[in-house]
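In: based on what follows, work out the 3D shape:
(one chain, ligands or ions: 1)
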Amino acid sequence: MNVAIIGTGYVGLVTGACLASLGHRVVCVDVRQDVVDTVNRGEAPFFEAGLPELIKAQLAAGRFAATTDLASAVTGADITCIAVGTPSTAHGIDLSYVTSAAALVGDALRSHLRRHVVVVKSTVIPGSTDGAVRDALFAHAGPAAAARVGLCANPEFLREGSAVSDFLTPDRIVIGESDEEAGSLVASLYESFTCPIVRTSIRNAELIKYTSNSLLALLVSFSNEIASLCEAIPGADADTVMDGVHLDRRLTMVHDGLAVRPEILSFLRGGSGFGGSCLPKDVTALRAFARTLGVATPMLDATVDVNNSRPGQIVDLVERAVGGLNGRTIAVLGVAFKAGTDDLRESAALKVIEQLRARGAGEVRAYDPAVSPNRAGQVEAILTRTPMEAVVNADAVVIATAWPEFRELDWGALAQAMRAAIVVDGRNALSGVSLPPVVRYIKVGTAANTPLAALPTSPSRSPN
Ligand code: NAD
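Out: Here you go, the predicted model:
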């Protein structure tokens, strides 16, 4: 199949390179010449494991290229996927990148007489694909094009940090289709996959994406609410509590006779909150969309409220440990929204840094294995090249992203270089690591180090 992909970002580029590796001929389009040049050199414009190798291999095989020439990419293709951004606005999402791309695709298809399917891969609120996107597409392609141009929504579920393997071994493919023929053409892109393929209406497909991300966000906020509660109960430990909860047989899968811990359990853990380009934006958009329908969303509202308060609660732990932040030097390890990516969008680490500064920290230095110091303008901290540069003479370290390499650091040497060897682990990323005794280690979701005090009991009933 010949495929054009509009938008060469995390989703568009991974989709393009992976579809090429399945044998399709793919052209990725972007408005940014620098992105196109980078990709055509065999590099990825962002950090994603395995992606540069895949791009190089597909360029060499002659099945893959990038261009700024949208019209020629579209007219040379059977399927065009729109994978441009849908950023948050105060009222939901900004659909303008998607509708602009659809209009340009429509222009290209106006005099194109072959059958073509336009696929919305971007995450869009229900009604967008067969509403604003359809309108933009056919206003430009002309009404006669409706007979030969199909429209589908095929949301993407890849996760940054494991995007290539997620794409190539998906748990599901969801195709919302304007008509069966269009859906079948899109399904044929994925014919080598063995996962379930959900063929449904366009609106259901759009909703499946939002509902999936909202469920994950809800689990994170639920776990963080329990973690905050544990932080107020001397002797409690949220990790132990959640370990006990995870053993519920309904949360366990059995594979080859052995109990397997499903990955969803990693969302049932206390931490600093969810971030990234998807979860915060998608929950916000779904809430806003529900409001336009007059539907209340108290669960989604609470999910966002808990998440917004979590970075401040992590900073509370730091503030209590160092005895006031005024003039203190704090090191933050991890800036990306999660390990395995250099994406800073909505990162909880950035919110921790903001709060540290707002509450008077004298100097905040941050280190992230994937975020180079030349991105200093995007972080309100001094970005360092090594963990040691970040922690030297610091009054405390906050672990804000769960990079596995933080477990391997020489914590003895780091502790020695610090003014006070206090480690606040906002992700419980060092759980199980043996730290030198000099380190005062404070996990999220625990007040285990505070003396056991009597807890308030239910107020006794008044005789009346
Ligand atoms: P991104 O910002 O990384 O990439 C978007 C790209 O589109 C940019 O390179 C931009 O220059 C380009 N672009 C914008 N307008 C264009 C146009 N008219 N023609 C050509 N190129 C254009 O975005 P992303 O993270 O890949 O997200 C894309 C969509 O996929 C969003 O709706 C997002 O919610 C969704 N999504 C993202 C992820 C993720 O992990 N990032 C996962 C699933 C779904």
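
In: pretty sure V105 contacts L70?
Out: Yes. Counting by C-beta atoms under 8 Å, V105 touches L70, with 7.2 Å between them. All C-beta atoms are positioned from the backbone trio N, CA, C, and that covers glycine.

In: who's more crowded, the two?
Out: Between V105 and L70, counted using other C-beta atoms under 10 Å, the more crowded position is V105 (29 against 20).

In: assumed that one was part of a helix.
Out: Yes. Applying DSSP: H, G, I helix; E, B strand; the rest coil, one finds V105 inside a helix.

In: tell me the contacts of it?
Out: I6, L70, V74, T80, I82, V118, L137, H140, A141 (C-beta atoms under 8 Å, 6 or more residues apart in numbering).

In: so how far is stretch 41-54 from its chain's centroid?
Out: Distance of stretch 41-54 from its chain centroid, counting by C-alpha atoms, centre = their mean, to the nearest Å, is 18 Å.

In: what residues does the stretch 51-200 of the chain put near the ligand?
Out: Taking C-beta under 6 Å from any ligand atom as the contact definition, the stretch 51-200 of the chain meets the ligand at 70, 83-86, 97, 100-101, 104, 122-123, 156, 158, 160.

In: hmm, R114 and R148 touching each other?
Out: Yes. Under the criterion of C-beta under 8 Å, R148 makes contact with R114 at 7.1 Å.

In: contact partners for the closest residue to D368 other than its chain neighbours?
Out: Nearest residue to D368, sequence neighbours excluded (C-beta to C-beta, 6 or more residues apart in numbering): V335, at 4.0 Å. V335 makes contacts with 344, 347, 349-350, 353, 366-368, 371, 379, 381, 383, 400-401, as judged by C-beta under 8 Å, 6+ apart.

In: TSV please, covering the residues you listed and showing neighbour count and pLDDT.
Out: Output for these, formatted as TSV (neighbours: other C-beta atoms under 10 Å; pLDDT from 0 to 100):
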residue	neighbour count	pLDDT
L344	20	97
S347	29	97
A349	31	98
L350	23	98
I353	25	98
A366	28	98
Y367	25	98
D368	27	98
V371	24	96
V379	21	92
A381	24	94
L383	21	97
A400	31	98
T401	28	98
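
In: which ones among the residues you listed map onto strands?
Out: Among the contacts of V335, the residues falling in strands (DSSP state E) are A366, Y367, L383.

In: apart from its neighbours in sequence, what residue is nearest the second one?
Out: In this case it means Y367. Nearest residue to Y367, sequence neighbours excluded (C-beta to C-beta, 6+ apart): A390, at 4.0 Å.

In: tell me which residue in the chain sits closest to the ligand.
Out: At 1.8 Å from the ligand, G9 is the closest residue in the chain, using C-beta to the nearest ligand atom.

In: thought that residue was touching A83?
Out: Yes. Using C-beta under 8 Å, G9 is in contact with A83, at 6.9 Å.

In: more crowded one of these two?
Out: A83 (28 against 19).

In: for that one, what are its contacts?
Out: I5, I6, G7, G9, V11, G12, T15, K121, S122, E156.

In: circling back to that earlier point, and of the ones in strands among the contacts of V335, the nearest to V254?
Out: Taking C-beta to C-beta as the measure, Y367 is the one of these closest to V254, at 41.3 Å.

In: bridging residues for that closest one?
Out: L333 (DSSP bridges).

In: measure it to A259 for me?
Out: Relative to A259, Y367 is positioned 38 Å away (C-beta to C-beta, to the nearest Å).

In: what does N428 give?
Out: N428 is 22 Å from A259, by C-beta to C-beta.

In: repeat for W403
Out: The spacing between W403 and A259, counted by C-beta to C-beta, is 28 Å.

In: what about those two, which has more around it?
Out: Counted by other C-beta under 10 Å, W403 and A259 do not tie: W403 has more neighbours, with 23 against 10.

In: give me the below-cutoff pLDDT ranges for this structure.
Out: Scanning the chain for pLDDT under 70 picks out the ranges 448-454, 457-464.

In: longest helix in it, by number of residues?
Out: In the chain, taking DSSP state H as the definition, the longest helix is helix 202-231.

In: mind listing what the closest residue to V260 other than its chain neighbours touches?
Out: With C-beta to C-beta, 6+ apart as the criterion, V260 has its nearest non-adjacent residue at 4.7 Å, and that residue is M253. Listed by C-beta under 8 Å, 6+ apart, the contact partners of M253 are A259, V260, R261, P262.

In: for S165, same thing?
Out: G50.

In: nearest to A236, of the ones in strands among the contacts of V335?
Out: Closest approach between these and A236, by C-beta to C-beta: A366, at 30.0 Å.

In: that closest one and R359, how far apart?
Out: Counting by C-beta to C-beta, the gap from A366 to R359 is 16 Å.

In: please apply the same query to D237.
Out: 26 Å.

In: same thing with V433?
Out: Between V433 and R359 the computed distance is 28 Å (C-beta to C-beta).

In: which strand or helix spans T284?
Out: helix 279-292 (DSSP states H and E).

In: only the buried residues of the next helix-or-strand element following that helix, if you could.
Out: Using DSSP H and E, the helix or strand that follows helix 279-292 in sequence is helix 298-322. Buried residues in helix 298-322, counted by 16 or more other C-beta atoms under 10 Å: 300, 303-304, 306-307, 310-319, 321-322.

In: any idea how far helix 298-322 is from the chain center?
Out: Computed by C-alpha atoms, centre = their mean, the separation of helix 298-322 from the middle of its chain amounts to 19 Å.

In: show me what it is packed against.
Out: helix 202-231, helix 279-292, helix 348-358, strand 396-399, strand 422-425, strand 440-443 (3 or more C-beta pairs under 8 Å, 6 or more residues apart in numbering; DSSP states H and E).

In: can you put those in a markdown table and add distance to R41?
Out: Conversion of those to a markdown table gives the following (distance: least, C-beta to C-beta, whole Å):
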| stretch | distance to R41 |
| --- | --- |
| helix 202-231 | 32 |
| helix 279-292 | 30 |
| helix 348-358 | 30 |
| strand 396-399 | 35 |
| strand 422-425 | 39 |
| strand 440-443 | 44 |
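
In: can you tell me how far the residue of the chain closest to the ligand sits from A288?
Out: The spacing between G9 and A288, counted by C-beta to C-beta, is 23 Å.

In: next: A217.
Out: Counting by C-beta to C-beta, the gap from A217 to A288 is 15 Å.

In: out of the two, which sits in the more crowded spot?
Out: Using other C-beta under 10 Å as the criterion, A217 and A288 rank with A217 on top: 25 against 18.

In: wait, what's in contact with the more buried one?
Out: A217 sits next to F274, L279, P280, D282, V283, T303, N307 when contact means C-beta under 8 Å, 6+ apart.

In: contacts with the ligand among those, please.
Out: Applying C-beta under 6 Å from any ligand atom to those, one finds that nothing falls near the ligand.

In: closest to K56 out of those?
Out: The nearest one, if we look at the contacts of A217 relative to K56 and count by C-beta to C-beta, is L279, at 31.2 Å.
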